[in-house]
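> any chance you can model this:
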Amino acid sequence: MGMGGRVTAVLGPTNTGKTHYAIERMLAHRTGVIGLPLRLLAREVYDRIVAQRGPSVVALVTGEERIVPERTQYWVCTVEAMPLEIGADFVAVDEIQLCADPERGHVFTDRLLRARGLHETLFLGSDTMRGAIAALVPGASFVKRDRLSTLTYAGSKKISRMPPRSAIVGFSVENVYAIAELIRRQKGGCAVVMGALSPRTRNAQVALYQNGDVDYLVATDAIGMGLNLDIRHVAFSSTAKFDGRRMRALYPQELAQIAGRAGRHVENGTFGVTGEARPLDEEMVDAIENHRFAPVKKLQWRNAGLEFGSVERLVRSLEAPTSNEWLTRARDADDVVALKALSEMAEVRDRVKGPADVRLLWDVCRVPDFRSSSTTEHAALLARIFEFVRGGKVPSDWLKLAVSRIDKSDGDIDAISKRLAYIRTWTYVAQRSGWVEDESHWRDETRAVEDRLSDALHARLTQRFVDRRTSVLLRRLKQKETLVAEVNDKGEVMVEGEFVGRLEGFRFRQDASATPDEARTLRQAAVQALRPEWHLRADRFYNAPDTELDYTEQGGLMWGTTAVGKLVKGAEALRPSVEGFVDEEAGPDVAEKVKRRLQHFIDRKVAALFEPLAAMSRDEALTGLARGFAFRLVEGLGVLPRDAVGEEVKALDQEARGALRKHGVRFGQFTVFLPVLLKPAPTRLRLVLWSLWNNLDEFPESPPPGLVTIPNIAEVPKQHYTLSGYHPAGSRAIRIDMLERLADILRTKDSRAGFEATPDMLSITGMTLEQFTDLMAGLGYKGEKGERAKVKAAEPVVPELPPSDQPIPEEVSVLAPVPAEPVAEDAPVEMEVFYTFTWAPKPRFQRPERGNRPQGERPNRGERPQGERGGEGRGDRPKREGGGGERPQGERREGGKPQHGKPHGKGGKPERRDGGKPQGAKSYESRPPRAEKPIDPDNPFAVLAALKAKS
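Coordinates of the predicted model:
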């Protein structure tokens, strides 16, 4: 651009409206060019101008993006991409103080010296450039603009105490990601802005912040270059950065450039430090607050008069020194380093034949190293591009393969960022005129791939660093809006469409994946939204039928499949209390309604299942000992071991026992119980009530219903079996009612001479013979094993009876032996095992020798089963005709002792001899056998009965 027109330097701190002023001035001219320091800012300004003038007259030119309509009037560019020879009426360069930047300063200095508009030129930047511009641009005028708001130092703050609408600045990708992760856990999320992001990703991230989805922004120093964001506080996580060569402290003007992003337009802002950054000293704070910095003394410069006669001459021209005291030769930039590396490659030197090749080589060397690879790797890529372009153009097949390898949206943030850096290289190449075949296609294709990768990167950044659920709820809570909660049939709670947890009964279980800081927000939002739901649910629960409620074997109270409370110890065993599971936030009304409904349920359940006990306790007819024993049964919840209440049973007379039997009480040989309370439902509740009353931590579980026997586990207390309705005996425990039925049969057997197990005994217990032997051993019986030949008896045949006046022949007489089936002599004999059971309890003391026993002293017969004594312990047998009710256990008849070892006669009384006294205690074997009663041949039923008994 030629020299001409007026030159104005608009200088001042940040937030003075310089960029806005430049846009207004450019639109006041017919044509114009504005150069901006970042492609992100260039895109923002482009969008603003397009909104005012339309896309048909506005061009956007950056290294990787080129939108140039045919009727372009206004060019928005990065400083490096500014067209210098188009003769625009207006030219502006933003952030002109970057002339002193070691990396890019020579580009800004070149624009300061050579970029001019035909009618007007503006240089925008810091007031520190006043002296340099005055010296290098004669005739330039200066306009000073003051900051529209106040900037104040706020000191050091922890991340957890960072105010909303804050930007935290880091100077490396790792540092930015670490801060963003911390903010996500503590604040619900943040947006991430870095210079390496594509414009599409950056705009999406900025939108998250500007729309209020998140209240925090984590960024590199890219936000210091003119990005207009709604930031109230800027916090530095570090005050030093790596400048490409070394770690160095940030200059005061660099800190001020970034801190100035706080407080936009007329709203004041603050700045400070966080994390491990040391607090700023007073001198630094004063300089930033009052915008007083040392003026720029040296500008980075590189010779613009390049010579393309040869590679060596080009390098020498780039390294040419300057004599101007305001300028200093810039260190070798990436393009110069790449040129020197390529010039040393033989295959590249061989292809450079003239000035045109040197110029092309220089253009290739200016391809930025977006991948941040090593010098050798980057040089190898440039050499390949130069080979293609030197011979014609980059082949479409080769470019298609390179792009297809990159066009993948899967992977994490680092993988997508790397692919995005690679596609930016090919986007830059496609933007160069004449470098690729079908330029329009490849510009669109590389842009589409970059957009897809940009969207994927934005999604990964949001997924990793933004908890949308927490951020949405925080925004609604902050705005004091009414939150809407939905609870589905699975109990999942959705607040404003976000899953926050589950409602289990009347307790809210928030999402376990939330961090502690997120959890507070989730609970606050859920509690506010669930208040109406709790009251509605409490009403439904209070009106629910008892069939929807139940209790567990550990004392829990359930509503369907949801725990809503538990049983606790009450004033009596049969009057437990309840405790509802209700969150405190639900309120006392809901808690009281739940507790009242649970108490009604358990009271009705106890009254229904233990009605016999309640009726017995209310019966005023029970007096004296009977009433006391009824109290013991209520205390024992309907089941008492006989040995524990033996003395009390003995004390009960027949009238008292009869009164108790009217209520269903059965006085068994081993247990006193109410049979109706042995059913599964009362048994299950009895175990729970007893465990509550005895303050057990873990309740015994009731056996499965329908089992006659269950395993007898040594670690389980015997009382637990009794409460479950079982009596331990051997390795098994048998059901109480079935044991009493077995005891009734055993009382008819001679336990001294021995007896065998009958099919009825095995059927009652549901055991095999070996299992039954173990059970009998547990009951005090000794089983002696034996073997014998198994004999098959012939089926009895009823003979034809002779006339009544003739004698019965011997072969028909019931006294004649029943013939057995003939067995062949050589046939194998089938053997069967049998057990003979005798009463064999452990002796209570050492029995004296028979010869030394004192005269008249009876031998110790050992402890016999209660049912073996005549007239006592016979269980609940019906009264005999003519009186003689049940006597207490061990009670003797007057004038004698209970009879042993012999079945009782008719009516259950022992036979009497010698004037009605009970028969003496003689052994069964010493008695003479009874004579057989004659059979009346005229009575066919008697004959059939005799034959059946004999067989």
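> residue closest to the middle of the chain?
residue 512 (5.1 Å; C-alpha atoms, centre = their mean).
> any idea how far residue 304 is from that one?
Per C-beta to C-beta, to the nearest Å, residue 512 is found 64 Å from residue 304. Glycine gets a C-beta too; all of them are placed from N, C-alpha and C.
> all strands of the stretch 51-200 of the chain, in order?
For the stretch 51-200 of the chain, the strands defined by DSSP state E, counting those that start in this stretch occupy 58-61, 66-67, 74-78, 90-93, 120-125, 141-144, 151-156, 166-169, 191-193.
> okay if I get those as TSV plus mean neighbour count and mean pLDDT?
Formatted as TSV, the strands of the stretch 51-200 of the chain follow (neighbours: other C-beta atoms under 10 Å; pLDDT from 0 to 100):
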stretch	mean neighbour count	mean pLDDT
strand 58-61	23	95
strand 66-67	18	87
strand 74-78	24	96
strand 90-93	26	96
strand 120-125	25	96
strand 141-144	12	95
strand 151-156	16	93
strand 166-169	27	94
strand 191-193	28	92
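> need the pLDDT of the closest residue to residue 293 other than its chain neighbours.
Take residue 293 and drop its neighbours on the chain: the residue closest to it by C-beta to C-beta, 6 or more residues apart in numbering is residue 253, 4.6 Å away. What the model reports for residue 253 is a pLDDT of 88.
> how far does the helix or strand hosting residue 253 sit from the chain's center?
For residue 253, the enclosing helix or strand under DSSP states H and E is helix 252-259. Here helix 252-259 shows a centroid-to-chain-centroid distance of 46 Å under the convention C-alpha atoms, centre = their mean, to the nearest Å.
> what's that helix packed up against?
Judged by 3 or more C-beta pairs under 8 Å, 6 or more residues apart in numbering; DSSP states H and E, the packing partners of helix 252-259 are strand 233-236, helix 282-290.
> what's the first helix or strand after the last one?
Taking DSSP H and E as the definition, the helix or strand that follows helix 282-290 towards the C-terminus is strand 299-301.
> flag every buried residue along the helix or strand just after that next one.
Per DSSP H and E, the first helix or strand lying C-terminal to strand 299-301 is helix 311-318. If you call a residue buried by 16 or more other C-beta atoms under 10 Å, then helix 311-318 has these buried ones: 311, 314, 315, 317, 318.
> what's the closest of these to residue 296?
residue 318 (23.3 Å; C-beta to C-beta).
> tell me the pLDDT of that closest one.
The predicted local confidence for residue 318 is 94.
> so which helix or strand of this protein has the lowest pLDDT on average?
strand 912-913 (a mean of 38; mean pLDDT, DSSP states H and E).
> before we move on, back to that, the inter-axis angle of the helix holding residue 253 versus strand 151-156?
Per axes from the mean of the first three to the mean of the last three C-alpha atoms, to 10 degrees, the angle that helix 252-259 makes with strand 151-156 is 90 degrees.
> can you give me the mean pLDDT across the following helix or strand past helix 252-259?
Using DSSP H and E, the helix or strand that follows helix 252-259 towards the C-terminus is strand 269-273. Mean per-residue pLDDT for strand 269-273: 94.
> mind listing the helices for the stretch 601-750 of the chain?
611-618, 624-635, 646-651, 654-661, 680-693, 718-724, 736-746 (DSSP state H, counting those that start in this stretch).
> and these: which comes nearest residue 466?
Nearest of the helices of the stretch 601-750 of the chain (C-beta to C-beta): helix 680-693, 49.7 Å.
> report the buried residues of the closest one.
Quick answer for helix 680-693 (16+ other C-beta under 10 Å): 682, 683, 684, 685, 686, 687, 688, 689, 690, 691, 692, 693.
> possible to save those as CSV with pLDDT and distance to residue 490?
Listed next are the buried residues of helix 680-693 as CSV, based on pLDDT from 0 to 100; distance: C-beta to C-beta, whole Å:
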residue, pLDDT, distance to residue 490
682, 95, 35
683, 94, 34
684, 94, 29
685, 95, 31
686, 94, 35
687, 95, 32
688, 95, 29
689, 95, 34
690, 94, 36
691, 94, 33
692, 94, 32
693, 94, 37
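> ok, so of these, who is nearest residue 285?
For the buried residues of helix 680-693, the nearest to residue 285 is residue 692 (68.9 Å; C-beta to C-beta).
> ok, the residue nearest to the closest one when sequence neighbours are not counted - contacts?
Leaving out its chain neighbours, the residue that sits closest to residue 692 by C-beta to C-beta, 6+ apart is residue 569, at 5.0 Å. By C-beta atoms under 8 Å, 6 or more residues apart in numbering, the contact list for residue 569 reads 576, 577, 692, 693, 695.
> can you name the two of those residues that are farthest apart?
577 and 695 (13.6 Å).
> between these two, which one's more packed in?
residue 577 (15 against 7; other C-beta atoms under 10 Å).
> which helix or strand contains the more buried one?
Going by DSSP H and E, residue 577 is in strand 575-580.
> how about residue 44?
Going by DSSP H and E, residue 44 is part of helix 39-53.
> what comes up buried for that helix?
Here helix 39-53 shows 39, 40, 41, 42, 43, 44, 45, 46, 48, 49, 50 as buried, counting by 16+ other C-beta under 10 Å.
> wait, which of those is closest to residue 832?
residue 40 (100.0 Å).
> which residues of the stretch 701-850 of the chain fall in strands?
709-711, 726-729, 732-735, 781-789, 831-839.
> sheet partners, orientation included, of the fourth one?
Which is strand 781-789. Strands that pair with strand 781-789, judged by DSSP bridges, come out as strand 831-839 (antiparallel).
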